[in-house]
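S.K.: Mind folding the following:
(4 chains)
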Protein chains: 2
Amino acid sequence: MTSQAADGPDTVAASRRSKITPEREREFFDAVLEQIRTCGYESVTMEGVAASTRCSKSTLYRQWKTKPQFVAAALRANRRVRFAGIDTGSLAEDLRQAARAAGDWSGKDTSLLQALGHAWTADEELAQALREALVYPEIAALQEMLARGVARGEVRADHPALEYVPAMMFGVLRVRPVLSGQYADADYLARFVDATVLPALGLT
Amino acid sequence: MTSQAADGPDTVAASRRSKITPEREREFFDAVLEQIRTCGYESVTMEGVAASTRCSKSTLYRQWKTKPQFVAAALRANRRVRFAGIDTGSLAEDLRQAARAAGDWSGKDTSLLQALGHAWTADEELAQALREALVYPEIAALQEMLARGVARGEVRADHPALEYVPAMMFGVLRVRPVLSGQYADADYLARFVDATVLPALGLT
DNA sequence: GTGTACCGGTACTGAAGCGTATCGGTACAC
DNA sequence: GTGTACCGATACGCTTCAGTACCGGTACAC
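M.R.: Purely as a prediction, here's the structure:
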């Protein structure tokens, strides 16, 4: 909530003299992201967002020029690190906790990514916002964990599995709904880490 | 191409007395799948498919009642096992070859799955067709490989990593574009198998 | 040959939804 | 108090597209 300091020109209150408070803006963003999750990006309508937040379309278009720009702003405002601050002193335990933390967000993040579908591959601004919100922060946090493990001598710096850890974690997250029709929960992810990630890193 | 015997009532030639040959039907299906890959499911139009195949919208609507049904039929007709027939006598080598085979299809399959985005979660018929075309056959083939490995004594039947192998393989396939902006090619997947899947299974 | 019915083309209806314009109400500045 | 300008509401233009209707041409059956 104190992340406003880093907000770009996408947020309203910082740039224009608007009567839209940050809390109100947050409502718009939450509404559009929720609509994307439930209806898919293409089916989200500015009218729907306006109706569900009891504002008018004009208000939205006054602040953001187009629907993709609005969505991109919502994504960027949504960025946060799901498993920051995990540092148990043990790489294995760090990864387990990260898995549990990721599992707690899994449904929301995965459905969002899924619902954005093809849109982000066609719109570079959307793609960038998506990466900023849901990809880069997690990757960076994971890599910090791994780096600490390497520094502690738990894993050799040139261990071949190191570079694949983020792909393993995010991969299983994203693909679970396709394979079994349900999102990956914290328990599933923790077991996955124990059964595959740790052995691959030689940490059993 | 001799798979017609298993075709359901979705294919035209089998059910109605139509002048559309199986080859012509194949053109329709290829066209719509290609449009989905490049434009996304929502942006695919029946008019576009008709134009690109030089048929008329009427022709399409005569055979398939709605756009989702048409797409589902195209998906089902597209099913085939990307790595059937792999049986080297060694689980590790089987998995490596499967990875290479999957890598060759990766771009097409992944972009299709990606482009279907939210649509398949909302339409049960689409979801089922998707699973039949791109998920179940591969899973089954993978599990046969693993079962053979178990039968040969290469892996214990209760090895905890066994159940996660499909998720690992498909996960990394699907998530690579999000993480690094490019599809997983055969080399990348083969290295992934060597670095993570085989060690996790204790096969190094 | 003759007829049937399917094909491709075109025109049409109806429904959405993006983005714009307009207008009264009102909060806030001064 | 007065003015400014932003908010919400509503209506509108415009485009796109699903799905339907109709129509002439033609391949194929018999």
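S.K.: Please parse chain A into its domains.
M.R.: Per the record, chain A has its domains at A:3-77, A:91-200, by automatic domain parsing.
S.K.: Of these, which is nearest chain B?
M.R.: Of all these, it is domain A:91-200 that lies closest to chain B, at 1.8 Å by Cβ to the nearest Cβ. Any C-beta I mention is one placed from the backbone N, CA and C, and that applies to glycine too.
S.K.: Give me the most central residue, chain A.
M.R.: For chain A, the residue sitting closest to the mean C-alpha position, by Cα atoms, centre = their mean, is A:Leu134 at 2.4 Å.
S.K.: you'd agree that residue is up against A:Thr110?
M.R.: No - checked against Cβ atoms under 8 Å, the pair A:Leu134 and A:Thr110 is beyond contact range at 9.3 Å.
S.K.: Can you say which of the domains of chain A is packed in most?
M.R.: For the domains of chain A, the largest average neighbour count (mean count of other Cβ atoms under 10 Å in any protein chain shown) is found in domain A:91-200, namely a mean of 20.
S.K.: Just give me how far that domain sits from the chain centre.
M.R.: Mean-position distance between domain A:91-200 and its chain equals 10 Å (Cα atoms, centre = their mean, to the nearest Å).
S.K.: same thing with stretch A:54-64?
M.R.: 26 Å.
S.K.: now it: mean pLDDT?
M.R.: Regarding stretch A:54-64, the rounded mean pLDDT is 95.
S.K.: Export it to CSV, keeping only CA atoms.
M.R.: Presented in CSV, the C-alpha positions along stretch A:54-64 are these (Å, rounded to 0.1, in the frame of the first residue of the first chain):
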residue,chain,number,x,y,z
ARG,A,54,-20.7,2.9,-10.3
CYS,A,55,-18.6,5.3,-12.2
SER,A,56,-19.2,6.4,-15.8
LYS,A,57,-17.4,5.4,-18.9
SER,A,58,-16.4,9.0,-19.3
THR,A,59,-14.5,8.9,-16.1
LEU,A,60,-12.5,6.0,-17.2
TYR,A,61,-11.7,7.4,-20.6
ARG,A,62,-10.8,10.7,-19.1
GLN,A,63,-7.9,9.0,-17.2
TRP,A,64,-6.9,6.3,-19.6
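S.K.: which stretch among the domains of chain A comes nearest DNA strand C?
M.R.: DNA strand C lies closest to domain A:3-77 among those, at 3.7 Å (Cβ to the nearest atom of the strand).
S.K.: does the closest one come close to DNA strand C?
M.R.: Yes - counting by Cβ under 7 Å from any atom of the strand, DNA strand C has neighbours in domain A:3-77: A:19, A:43-47, A:56-58, A:61, A:65-67.
S.K.: what does stretch A:109-122 give?
M.R.: No - shown here: stretch A:109-122 not in contact with DNA strand C (Cβ under 7 Å from any atom of the strand), separated by at least 11.9 Å.
S.K.: ok, is the helix ranked longest in chain A in contact with chain B or not?
M.R.: Of all the segments assigned as helix in chain A under DSSP state H, the longest by residue count is helix A:91-116. Yes - residues of helix A:91-116 contacting chain B under Cβ under 8 Å from any Cβ of the partner chain: A:111, A:113-116.
S.K.: Between the residues you listed, which sits nearest A:Asp185?
M.R.: A:Ser111 (13.5 Å; Cβ to Cβ).
S.K.: worst-scoring helix or strand of chain A, pLDDT-wise?
M.R.: helix A:12-15 (a mean of 42; mean pLDDT, DSSP states H and E).
S.K.: Take the helix or strand following that helix, keep the C-alpha atoms, and write them as CSV.
M.R.: Using DSSP states H and E, the helix or strand that follows helix A:12-15 in sequence is helix A:22-39. Taking Å, rounded to 0.1, in the frame of the first residue of the first chain, the C-alpha atoms of helix A:22-39 are listed here in CSV:
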residue,chain,number,x,y,z
PRO,A,22,-6.0,6.3,-4.8
GLU,A,23,-8.6,4.1,-3.1
ARG,A,24,-11.1,4.8,-5.8
GLU,A,25,-8.5,4.1,-8.4
ARG,A,26,-7.8,0.8,-6.7
GLU,A,27,-11.4,0.0,-7.0
PHE,A,28,-11.3,0.5,-10.8
PHE,A,29,-8.2,-1.7,-11.1
ASP,A,30,-9.5,-4.4,-8.9
ALA,A,31,-12.8,-4.5,-10.9
VAL,A,32,-11.1,-4.7,-14.2
LEU,A,33,-8.7,-7.4,-13.1
GLU,A,34,-11.5,-9.4,-11.6
GLN,A,35,-13.6,-9.1,-14.8
ILE,A,36,-10.6,-10.3,-16.8
ARG,A,37,-10.2,-13.3,-14.6
THR,A,38,-13.8,-14.3,-14.9
CYS,A,39,-14.7,-13.3,-18.5
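S.K.: Pull the distance from helix A:22-39 to the chain's centre.
M.R.: With Cα atoms, centre = their mean, you get 15 Å for helix A:22-39.
S.K.: Please name every helix or strand in contact with the helix or strand that it is followed by.
M.R.: Using DSSP H and E, the helix or strand that follows helix A:22-39 in sequence is helix A:46-52. For helix A:46-52, the elements it packs on are helix A:22-39, helix A:57-63, judged by 3 or more Cβ pairs under 8 Å, 6 or more residues apart in numbering or on different chains; DSSP states H and E.
S.K.: Please name every helix or strand in contact with the helix or strand following the shortest one.
M.R.: Beyond helix A:57-63 in the direction of the C-terminus, DSSP H and E gives the next helix or strand as helix A:67-77. With contacts taken as 3+ Cβ pairs under 8 Å, 6+ apart, helix A:67-77 sits against helix A:22-39, helix A:124-130.
S.K.: average pLDDT for the helix or strand harbouring A:Gly149?
M.R.: Following DSSP H and E, the helix or strand that holds A:Gly149 is helix A:136-151. Mean pLDDT, computed over helix A:136-151, is 95.
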